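Peer 1: mind looking at a prediction? Sequence and model below.
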Amino acid sequence: MSDSILVINCGSSSLKFAVLCDEGQSVLLEGIADRLGYTNSTLTFKKDGNKESIHLKEGTHKSAVAEIKKWLSDRPAILDSLTGIGHRVVHGGETFSQSVLIDQSVIDGIAECANFAPLHSPAHIIGMNVAIELFPGIPQVAVFDTAFHQTLAAEQYLYPIPMALYRQHHFRKYGFHGTSYRYISRRLAELEPNSLQQGVLVAHLGNGASTCAINKGQSTDTSMGITPLEGLMMGTRCGSLDPSLLSFIAEAEGISSADALDVLNKKSGLLGISELSNDCRTLEEAMALGNEQAKLALDMFAIRTAKYLVSAATTLDSIDHLVFTGGIGENSSYVRAAICQQLKAFNIYIDGDKNSLRGATMSIESKQSHVKVWIIPTNEELMIALDTIHLIRQ
C-alpha cells in the first residue's frame with residue numbers, strides 16, 4: 001500500500017473524511033459523521049463498497065475524529081501508511097493565499113478571521129486540534145476555499161462602502177468553492193491544454209452554488225462574497241438581493257436582524273420559492289408531476305446562474321469554455337439546458353442528446369456553439385490530498 005493522506009472536512013454539523021492513496025488517485029476509505037451536536041448523530045464508514053454505521057454517543061467533532069482514529073487503529077496497514085492529513089478550511093480571509101502546513105500560528109490565523117465563517121471555522125479548528133493530538137508526528141495541512149480567489153483585482157473584490165471599513169475590518173469579497181474551481185481548471189487543462197491560455201466560466205452548482213471566471217488559469221471574478229450568501233440563488237440561501245430587505249423582513253415579522261439573516265440563509269432559495277424542498281431532484285420530480293412552484297424555483301435558479309456567468313465573463317478576454325460541476329451541475333440536464341437557454345446571445349448552445357447523459361466527463365455543446373460546454377465532476381478531496389503531499393515533500 002502506497003503512502004496515504006487522510007482528508008478531513010469539518011462542517012458546522014457534519015464531518016466528511018476520506019483516505020486517498022496512489023498520489024491521491026485511489027480512495028481507500030470515505031465516510032461522514034452526520035447530525036453532530038444532536039443525540040442521534042452517526043458515523044458512517046464506506047470501504048470496498050461496504051458501509052458500516054455507528055452511533056456517536058457524544059455527537060461532537062472531537063468524538064468523530066476519535067472514532068475514525070479507532071477504526072484506523074484496527075486496520076494498522078492503513079494507519080501505518082498515513083503520511084499526512086489535509087483539512088478543508090472554508091475561510092482564510094486575506095491571511096492565507098495558498099495551502100499551508102499547520103502550526104499554532106496557522107490555527108491562530110484561522111481563528112482571527114472566524115467571524116466571516118462563524119459556523120465553520122470553530123469546527124475546522126476543533127478538527128485540527130484533535131487530529132494533531134490523535135495523530136502525533138503526522139504533518140497536517142490546511143487547504144482554503146478562499147485561496148484561489150486571492151488573484152481577484154481590487155476593483156472586483158472591494159465593496160463600494162467606506163474604505164475605512166475595509167482597512168479596519170477587511171470587509172470585502174472573498175469567494176468560495178476555490179478548491180473545486182482549482183481542480184476544474186487543472187482537469188480542463190488535461191482535456192484541453194490550450195484552456196490555460198483561454199477564458200473559462202465555471203458554474204459550481206449544488207445546495208451551495210457559485211460561478212467563477214478563470215482567465216489563463218487564475219480566478220478573475222466569482223459570485224460569492226464575504227460569506228457564501230452573496231451571488232446565486234441556492235438550496236436554502238437567497239443569494240444577492242436589495243440589502244434593505246433584511247430590515248424589512250425583521251420589521252414585518254417582528255424578529256431580530258440575526259433571525260432575519262437566518263431566514264435568508266436557511267429558509268430561502270429553492271426551498272423558499274418551491275415551499276417543498278431544497279433538493280433539485282425532488283423539485284424536478286415534482287415539476288414532472290405538474291408542480292408549478294417547483295418549476296418556478298428551478299427556472300429562477302437557472303436564470304440567476306446565467307446572469308452571474310455573464311457578469312463574471314466581463315473579466316475575460318474571451319469566453320472559450322463553460323463548465324458545469326457540483327451535484328446539480330453534473331446531474332441536472334434540465335438546469336443545464338435552462339441556463340444555456342439564457343446564454344443564446346453569447347452563442348452558447350448545447351446538444352440535447354449529449355446533455356441527457358450522466359455520470360461522466362464530457363463536452364455537450366452543439367455544432368453551432370462558439371463555446372465549448374463541459375460537464376466535469378469535481379474532486380476537492382484530490383486537490384486537498386495533492387496539496388498535502390506537495391507541502392510534506394517540500
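Peer 2: Yep, it's here.
Peer 1: buried set for the longest helix along the chain?
Peer 2: Longest helix in the chain by number of residues (criterion: DSSP state H): helix 292-313. Residues of helix 292-313 classed as buried by neighbour count (16 or more other Cβ atoms under 10 Å): 294-295, 297-302, 304-310, 312-313. All C-beta atoms are positioned from the backbone trio N, CA, C, and that covers glycine.
Peer 1: and if you look at stretch 95-109?
Peer 2: Buried-residue list, stretch 95-109, by 16+ other Cβ under 10 Å: 95-96, 99-100, 102, 106-107, 109.
Peer 1: just those: which are in helices?
Peer 2: Among these, DSSP H puts 106-107, 109 in helices.
Peer 1: picking up where we left off before, which strands or helices does the longest helix of the chain pack on?
Peer 2: Counting by 3 or more Cβ pairs under 8 Å, 6 or more residues apart in numbering; DSSP states H and E, the packing neighbours recorded for helix 292-313 are strand 199-205, strand 209-215, strand 218-222, helix 269-274, helix 280-288, helix 333-341.
Peer 1: mean confidence for it?
Peer 2: Here helix 292-313 scores 98 as its mean pLDDT.
Peer 1: what angle separates that helix from helix 333-341?
Peer 2: If you take axes from the mean of the first three to the mean of the last three Cα atoms, to 10 degrees, helix 292-313 sits at 50 degrees to helix 333-341.
Peer 1: which parts of whatever helix or strand comes next after helix 292-313 are buried?
Peer 2: As assigned by DSSP states H and E, the chain's next helix or strand after helix 292-313 is strand 321-325. The neighbour-count check on strand 321-325 (16+ other Cβ under 10 Å) flags 321-325 as buried.
Peer 1: okay if I get those residues as a markdown table plus distance to Thr220?
Peer 2: Formatted as a markdown table, those follow (distance: Cβ to Cβ, whole Å):
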| residue | distance to Thr220 |
| --- | --- |
| His321 | 14 |
| Leu322 | 15 |
| Val323 | 15 |
| Phe324 | 19 |
| Thr325 | 18 |
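Peer 1: ok, these vs Thr42, which is closest?
Peer 2: Thr325 (28.3 Å; Cβ to Cβ).
Peer 1: roughly how far apart are the residue lying closest to that closest one once chain neighbours are set aside and Gly326?
Peer 2: Taking Cβ to Cβ, 6 or more residues apart in numbering, and ignoring the residues beside it in sequence, Thr325 has Thr378 as its nearest neighbour in space, at 4.5 Å. In this view, Thr378 and Gly326 are 6 Å apart by Cβ to Cβ, to the nearest Å.
Peer 1: centre of the chain to stretch 176-192, how far?
Peer 2: 12 Å (Cα atoms, centre = their mean, to the nearest Å).
Peer 1: residues making contact with it?
Peer 2: With contact meaning Cβ atoms under 8 Å, 6 or more residues apart in numbering, stretch 176-192 is reached by 88, 90-91, 143-149, 195-196, 198, 200, 202, 204, 208, 210, 212, 214, 217, 219, 222, 224, 228, 321, 323, 325-326, 361, 372, 374, 376, 378-380, 382-384.
Peer 1: remind me which residues of this structure are low pLDDT?
Peer 2: Along the chain, the parts satisfying pLDDT under 70 run over 1.
Peer 1: got the domain boundaries for it?
Peer 2: 4-144, 194-380 (automatic domain parsing).
Peer 1: turn those domains into CSV, columns for distance to Leu391.
Peer 2: As requested, the domains of the chain are arranged in CSV below (distance: least, Cβ to Cβ, whole Å):
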stretch, distance to Leu391
domain 4-144, 5
domain 194-380, 17
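Peer 1: of those domains, which is nearest His390?
Peer 2: Of the domains of the chain, nearest to His390 by Cβ to Cβ is domain 4-144, at 8.0 Å.
Peer 1: gap between that closest one and the chain center?
Peer 2: Worked out by Cα atoms, centre = their mean, domain 4-144 lies 16 Å from the chain centre.
Peer 1: just checking, Asp317 touches Val200?
Peer 2: No - here Asp317 does not reach Val200: they are 11.2 Å apart, not a contact under Cβ atoms under 8 Å.
Peer 1: can you name the two of the buried residues of strand 321-325 that are farthest apart?
Peer 2: Most distant of these, by Cβ to Cβ, are His321 and Thr325, 12.1 Å apart.
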